[in-house]
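In: Sequence and predicted structure, then a few things I'm wondering about:
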Amino acid sequence: MPIRERQYPIRFVPRGLVDALDASEKFMGACTVLTNLVFDQVNPEIVVSRPGVGTALENFETFSTPGVISIQITVAGTVYGMIASALNAGKDQPFAYDHDTGTFIAISGITAANTPTTPASTGAWEPPTMAIVGTSIYVTHPGFAGANRFGVIDISTPSAPTWTATDTTTNGLSARPSAVANFANRAYFAIGNHLEYTDVLSLTRSAATQVLTIGDTSDITALSGLPVQTTSSGVVQALIVFKESQVWQITGDAATLSLSQNYLSLNIGCPAPRSVVSTPKGIYFINTAGPFRVTALGAVLPITFSAQEEVPDIVAPFQNCTEFTRVAAGYSGSIYRVCLDTLIQGVAGRNDYWFDELRHRWNGPHSFSYDCASQHENHFILSSNAAPAKLFHSHVRPETGMVYNDDGTATTATLKSSTFPKTGHMTQKQVVESTQELASSGVSTGYSITAVDDGENTLSSVTITTAGSGAVWGGFVWGDGTVYASATNRPRVYTVPWSVPLVFKKFAIQLTASASIALCIGAFFARYQDLGYTNYNADQGIPT
């Protein structure tokens, strides 16, 4: 029977991921799980399937016993990196993969003497780094020893790159560097708490005094460039230097006697070198307190929904990170994504979280883990220690022709809301009528919908199967009788056929379905009725 008296509507639209189990102090639409779901860029009330990475873009078949990729970047359509192989046993070798032709470009000059020792693929480590200075890619790596301070891939002839391991000339580096970055066309090397830099577009360090001491004796953890907005000079470039609990800014240049340093923060820093990513809105990074960014004005702020908020939507995954040096991140198509080993509600896992700059909300955790991420056009190139010797495409938005599996494993999409509603009525509530917006175009899709109370007890569980309404253009043979359907998901409202009334103080809904281009989850509506008692004593089985 429909509720006829004292009825109140509930509306839930998935808006973003939060830590909070209850939505009352966050925002309506808060979710504790948005696994393999991303925000639809057309309809703000809808979440859709995250495209899978599919089969590997490249398997390194031509390499001798290829292993884990320790670092990779993408430059003008070519992926450069370091991979463990048997070419020189126990060593990483450089590689260059032409994304446009789908072939490797041979790199000359590789020897056992000039390649770094392959690092461990688990546990704390010093992540390799790469930076482009002119026509050279500089590579720092923990496996270099002796006179080999760092590696260089010469790409002055892109079709015939060369490799060497070397040191700066005239004045060598004081030790093996842990990171490198391009600033003012000079290579800046992080060595302990120092930055030692070269001449412009050169391996030469003309003077041993070409060095900056950054703050206290703690080590530099990461380097990143940032355009800085000023009131008098417009936009100037800066080098942002991270320590575990400090952030510094380098501006100017030695040639103009304007080289200077200023601290941006002496208590917020970055222990996760690979979480540092430059974006149009600043430099994003992960701290032990949560996600942060350095703005173009030099402010160090948490990543929040708006300037009026001070607390990020999610902090628990980052606060519970079990190994910050293994965090990996990237940016492409308005998405900052970060993958890390963490504990969530006591469960260990390597989780991938996405921050959508258009929505200013998070989604995840997604099921494909990775250890290196680089940008190519509007998608990512990923590599994972869990799937050695493979490069993957990862698109950030569904498009026709996308696949919905990760390295051959089908993906499942899961949405779980935070509990709601917390009202001032102070009574138990009952729901017998509710509806859910779901996709109805393309293939038929089955959704499992479960309602749970605030104690995680299942109230009822049902399955709704949407009716298929044709095939997406390009997915059938013209003239075979198939009805064409738009690739745009247009959700319909379905009645949720609960088998029993839902009785709760607060409740949450969970939806699960196989990921596909047809999957689409929109607004949930219900009408609830206040019951004649305040609480329910589960031990005694009576209302109180």
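Out: Nice, I can see it.

In: Pull out the buried positions in stretch 371-379.
Out: Within stretch 371-379, the residues scored as buried using 16 or more other Cβ atoms under 10 Å are 371, 372, 373, 374, 375, 376, 379. (Each C-beta comes from the backbone N, C-alpha and C, glycine too.)

In: can I get those residues in JSON lines with secondary structure, pLDDT and distance to residue 388?
Out: Below are the buried residues of stretch 371-379 laid out as JSON lines (DSSP: H, G, I helix; E, B strand; the rest coil; pLDDT from 0 to 100; distance: Cβ to Cβ, whole Å):
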{"residue": "371", "secondary structure": "coil", "pLDDT": "98", "distance to residue 388": "10"}
{"residue": "372", "secondary structure": "strand", "pLDDT": "98", "distance to residue 388": "12"}
{"residue": "373", "secondary structure": "strand", "pLDDT": "97", "distance to residue 388": "16"}
{"residue": "374", "secondary structure": "strand", "pLDDT": "96", "distance to residue 388": "17"}
{"residue": "375", "secondary structure": "strand", "pLDDT": "94", "distance to residue 388": "22"}
{"residue": "376", "secondary structure": "strand", "pLDDT": "92", "distance to residue 388": "21"}
{"residue": "379", "secondary structure": "strand", "pLDDT": "93", "distance to residue 388": "22"}
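
In: Which one of those is nearest to residue 82?
Out: Proximity of those to residue 82 (Cβ to Cβ) peaks at residue 372, which lies at 9.8 Å.

In: Would you mind confirming that the closest one makes contact with residue 68?
Out: No: between residue 372 and residue 68 there is no contact, the gap being 9.6 Å when judged by Cβ atoms under 8 Å.

In: got TSV for the buried residues of stretch 371-379, with distance to residue 496 too?
Out: Listed next are these as TSV, based on distance: Cβ to Cβ, whole Å:
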residue	distance to residue 496
371	41
372	42
373	38
374	43
375	41
376	42
379	36
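
In: how about the nearest residue to residue 246 once chain neighbours are set aside, what does it touch?
Out: Leaving out its chain neighbours, the residue that sits closest to residue 246 by Cβ to Cβ, 6 or more residues apart in numbering is residue 269, at 4.8 Å. Taking Cβ atoms under 8 Å, 6 or more residues apart in numbering as the criterion, residue 269 is in contact with 221, 242, 243, 244, 245, 246, 247, 287.

In: so which strand or helix has residue 463?
Out: Per DSSP states H and E, residue 463 falls inside strand 458-465.

In: I'd like the next helix or strand past the lowest-mean-pLDDT helix or strand in the chain.
Out: Sorting the helices and strands of the chain by mean pLDDT, DSSP states H and E puts strand 484-485 at the bottom, at a mean of 44. Toward the C-terminal end, the helix or strand that comes next after strand 484-485 (DSSP H and E) is strand 491-495.

In: Give the pairing partners of that next one; include direction for each.
Out: Next to strand 491-495 in the sheet, as set by DSSP bridges, lie strand 429-439 (antiparallel).

In: For the helix or strand following the strand it pairs with, name the packing helices and strands.
Out: The element immediately downstream of strand 429-439 (helix or strand, assigned by DSSP H and E) is strand 446-453. Helices and strands touching strand 446-453, as assessed by 3 or more Cβ pairs under 8 Å, 6 or more residues apart in numbering; DSSP states H and E, comprise strand 429-439, strand 458-465, strand 502-504, strand 507-514.

In: what's the closest of these to residue 168?
Out: strand 507-514 (54.7 Å).

In: what's the average pLDDT for that closest one?
Out: In this model, strand 507-514 has an average pLDDT of 97.

In: That one to strand 446-453, inter-axis angle?
Out: If you take axes from the mean of the first three to the mean of the last three Cα atoms, to 10 degrees, strand 507-514 sits at 160 degrees to strand 446-453.

In: Now do the domain split for the chain, please.
Out: Domain assignment for the chain, taken from automatic domain parsing, gives 7-51+415-543, 53-166, 170-269, 271-383.

In: okay if I get those as a markdown table plus distance to residue 396?
Out: Output for these, formatted as a markdown table (distance: least, Cβ to Cβ, whole Å):
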| stretch | distance to residue 396 |
| --- | --- |
| domain 7-51+415-543 | 7 |
| domain 53-166 | 12 |
| domain 170-269 | 21 |
| domain 271-383 | 5 |
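
In: hey, which of those domains is tucked in deepest?
Out: domain 271-383 (a mean of 20; mean count of other Cβ atoms under 10 Å).

In: can you give me the end-to-end distance of that domain?
Out: End-to-end span of domain 271-383 (Cα to Cα, to the nearest Å): 22 Å.

In: One more: stretch 172-181?
Out: Terminal residues of stretch 172-181 are spaced 17 Å apart (Cα to Cα).

In: if you average pLDDT over it, what comes out?
Out: Mean predicted confidence for stretch 172-181 is 98.

In: residues making contact with that stretch?
Out: Residues outside stretch 172-181 that contact it (Cβ under 8 Å, 6+ apart) are 126, 129-131, 138-140, 142, 144-145, 149-150, 167, 187-192, 194, 196, 205, 211, 219-225, 239, 273.

In: quick one: the helices in this protein?
Out: Here the chain has its helices, by DSSP state H, at 316-319.

In: for it, which spans come out with low pLDDT?
Out: Applying pLDDT under 70 to the chain picks out residues 1-5, 227-235, 440-442, 468-489, 537-544.

In: any idea how far residue 77 is from the residue nearest to the spatial centre of it?
Out: For the chain, residue 337 is the residue whose C-alpha lies nearest the centre (Cα atoms, centre = their mean; 1.5 Å). For residue 337, the distance to residue 77 (Cβ to Cβ, to the nearest Å) stands at 21 Å.

In: Tell me how far stretch 99-108 lies from the chain's centre.
Out: On the basis of Cα atoms, centre = their mean, to the nearest Å, stretch 99-108 sits 27 Å off its chain's mean C-alpha point.

In: pull the CA atoms of it into PDB?
Out: Output of stretch 99-108 as PDB, limited to C-alpha atoms (Å, rounded to 0.1, in the frame of the first residue of the first chain):
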ATOM      1  CA  HIS A  99      52.600   5.400 -29.600                       C
ATOM      2  CA  ASP A 100      51.600   6.500 -33.000                       C
ATOM      3  CA  THR A 101      53.200   3.600 -34.900                       C
ATOM      4  CA  GLY A 102      52.900   1.000 -32.200                       C
ATOM      5  CA  THR A 103      56.600   0.100 -32.400                       C
ATOM      6  CA  PHE A 104      59.700   0.500 -30.300                       C
ATOM      7  CA  ILE A 105      62.500   2.900 -31.300                       C
ATOM      8  CA  ALA A 106      65.900   1.400 -30.800                       C
ATOM      9  CA  ILE A 107      68.100   3.200 -28.300                       C
ATOM     10  CA  SER A 108      71.800   2.900 -28.900                       C
END
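
In: please begin residue numbering at 192 from this point
Out: Sure, I'll start numbering at 192, so the last one becomes stretch 290-299.

In: what's it in contact with?
Out: With Cβ under 8 Å, 6+ apart as the test, stretch 290-299 has contacts from 248-249, 253, 265, 268-270, 285-289, 344, 349-354, 567, 572.

In: I am finished for the moment; much appreciated.
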